[in-house]
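J.: need coordinates for the following:
(one chain, ligands or ions: 1)
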Amino acid sequence: MRPVGAGVPLRVEIADKTFHPAGGEPLTAVRDLSFEVRHGEFACLLGPSGCGKTTTLRILLGLDKHYTGSVQLPDGGRIAAVFQEPTLLPWRTVEENVRLAMPPEMRSKSLDALFETLGLSAMRKLYPSELSLGLARRAALARAFAIEPSILLLDEPFVSLDEQTAQRLRYLLLTVWSERPTTALMVTHNLNEALMLSDRIVVLSPRPAHVLGIFDVRLPREYRNPQVMNDLHLSFREKFPHTG
Ligand SMILES: Nc1ncnc2c1ncn2[C@@H]1O[C@H](COP(=O)(O)OP(=O)(O)OP(=O)(O)O)[C@@H](O)[C@H]1O
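T.: Numbers count the residues shown, from 1 in each chain. Below you'll find the predicted structure:
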């Protein structure tokens, strides 16, 4: 495994992204947005509702090519995404959903360890309709990690869950990510979530999104106990008094 920072970073330079709705006023969602996520780092894009976070992720995913600027993805080019909704195919089992996302040369590999880590071993043959909201999110995480992505993009994956379930999933995400480290960028408007998960928080302005500043959380995650989280909150608010 390469040490953090040794590989190609994710480099984002979006000069302008403007929507031109038919019959409506043009709307600039992103302007002069520039940041980097180092190889193997977990970063969060933290910004207020509607500031342009999802728009930015869609550009990184290649789903929106109508922008000016450039994006450099880490080498390997395998992108995994986890969205707000788990987007599982309803007529396929959990395991089939995961395997279908894998490139053909990987499809026969064992998924035992991954399912075990995510607490899904007993659910492999279930259909999405048989899963709770939390279990469906776990299946979406399994599908993302199964392809061994060179970059993992997450768009508020725990947003519509109750806080207890969301917190359990954050821990699971950390566990599975530390077993299978990859460069990760997660969109959130939840400061607590960002402080718990990130090596680095990219703090965004209200729309049009640009970077207000970077908050590095250098402390290893196992030391981020409630007291430390409290201190992190305070230093974040000192640095960014009008956000979060
Ligand atoms: N296809 C589109 N056409 C026109 N405007 C759009 C389109 N998609 C997004 N927008 C607008 O662009 C702005 C940024 O939207 P975006 O979804 O990127 O925000 P966000 O930061 O992800 O918000 P949230 O936290 O609420 O998900 C919003 O004002 C939104 O209404």
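
J.: when you work out contacts or count neighbours from here on, use the C-alpha atoms and nothing else.
T.: Fine.

J.: the domain parsing of this structure - what is it?
T.: The chain breaks down by automatic domain parsing into domains covering 13-78+149-239, 88-148.

J.: touching the ligand at all, the first one?
T.: Yes - applying C-alpha under 6 Å from any ligand atom, one finds domain 13-78+149-239 in contact with the ligand at 19, 21, 29, 49-55.

J.: okay, the domains of the chain in a markdown table with mean neighbour count, distance to G7 and mean pLDDT next?
T.: Listed next are those as a markdown table, based on neighbours: other C-alpha atoms under 10 Å; distance: least, C-alpha to C-alpha, whole Å; pLDDT from 0 to 100:
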| stretch | mean neighbour count | distance to G7 | mean pLDDT |
| --- | --- | --- | --- |
| domain 13-78+149-239 | 17 | 5 | 93 |
| domain 88-148 | 17 | 16 | 94 |
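
J.: could you pull out the strands for this protein?
T.: 10-19, 27-37, 42-46, 68-72, 79-82, 151-155, 183-188, 200-204, 211-216 (DSSP state E).

J.: nearest to G134 among these would be which one?
T.: strand 79-82 (13.5 Å; C-alpha to C-alpha).

J.: and that closest one, which strands flank it?
T.: With DSSP bridges as the test, strand 79-82 is paired with strand 151-155 (parallel).

J.: tell me the angle the partner strand makes with strand 183-188.
T.: 10 degrees (axes from the mean of the first three to the mean of the last three C-alpha atoms, to 10 degrees).

J.: for strand 151-155, list the C-alpha coordinates in CSV.
T.: Extracted as CSV, the C-alpha positions of strand 151-155 are listed here (Å, rounded to 0.1, in the frame of the first residue of the first chain):
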residue,chain,number,x,y,z
ILE,A,151,-11.7,7.4,-5.7
LEU,A,152,-14.8,7.1,-3.6
LEU,A,153,-17.4,9.9,-3.9
LEU,A,154,-20.2,10.1,-1.3
ASP,A,155,-23.1,12.5,-1.5
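
J.: grab the longest helix from the protein for me.
T.: helix 163-179 (DSSP state H).

J.: just want the angle from it to strand 183-188.
T.: Using the same axes, to 10 degrees, helix 163-179 lies at 170 degrees relative to strand 183-188.
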